[in-house]
Each structure stands twice: as C-alpha cells, then as structure tokens.
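Undergrad: pasted the sequence and its predicted model underneath.
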Amino acid sequence: MSGHLAIVTYTGRRSGHTFSTPVAYRRADDVVTIAVGLPERKRWWRNFTGAGGPITLHLAGGDRTGHAVARVDDRGRVAVTVRLDDSPPTGRDR
C-alpha cells in the first residue's frame with residue numbers, strides 16, 4: 001500500500017463476518033487516524049463506536065493490529081483512531 005492508503009480488516013459486531021475496506025489515513029508513531037468521508041453513507045466505522053474494537057491495518061510495512069475507536073464530532077464528522085499494538089509488522093510486505 002502507499003504511504004497514505006491502507007486496507008482495514010475487522011469483524012462485524014452483529015454479523016461476525018470479516019470485512020476489508022480501503023481507507024486513507026494519517027499516522028503519528030503508533031497512532032493511525034482515519035477521517036471517514038461521507039460517514040452517513042458508510043457503515044464500517046460504526047463497528048468501532050463506544051469502547052471500540054480490534055482492527056488490522058495493511059500498511060506499507062506489513063499488517064499491524066490495534067484497537068480502533070470511532071468518534072463523531074458536533075458537526076457530524078467521523079474520525080477513527082487506531083492505537084497500534086506493539087507487535088512487529090507481519091505479512092507479505094515484510
């Protein structure tokens with residue numbers, strides 16, 4: 001993946017199915033921020049409301065796991081913040 005695009009993989013809270021979707025992101029150390037464009041048309045981020053949940057990101061350095069939490073601001077904008085786990089990257093890009 002490029003420096004600003006990633007694939008997020010997560011398990012749906014209700015369905016229990018695994019889903020993957022491409023996203024644009026910003027990263028600062030072990031914190032990844034995903035600004036969700038047109039959040040009213042997308043549903044994936046809703047799996048991370050409240051206490052959030054586990055997520056895997058396929059980044060340029062490989063797959064990283066973490067904990068994601070979605071927040072909606074007073075203007076309806078949605079940001080998902082992912083705190084990456086300490087484990088080293090895994091996957092085909094290693």
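TA: That came through fine. Quick caveat: nothing in here was measured; it's all calculated off a predicted structure.
Undergrad: what's the neighbour count on Val69?
TA: Neighbours of Val69 under the rule other CB atoms under 10 Å: 16. Where C-beta positions appear, they are placed from N, C-alpha and C, glycine not excepted.
Undergrad: any stretches of this protein with poor pLDDT?
TA: 1-3, 88-94 (pLDDT under 70).
Undergrad: nearest the middle, which residue of it would you pick?
TA: Val8 (5.1 Å; CA atoms, centre = their mean).
Undergrad: ok, Tyr25 to His17 distance?
TA: Using CB to CB, to the nearest Å, Tyr25 is found at 23 Å from His17.
Undergrad: who has more neighbours out of these two?
TA: The neighbour count for Tyr25 versus His17, taken as other CB under 10 Å, is higher for Tyr25 (18 against 8).
Undergrad: buried ones in stretch 39-57?
TA: Residues of stretch 39-57 classed as buried: 39, 44-48, 52-53, 55-57 (neighbour count, 16 or more other CB atoms under 10 Å).
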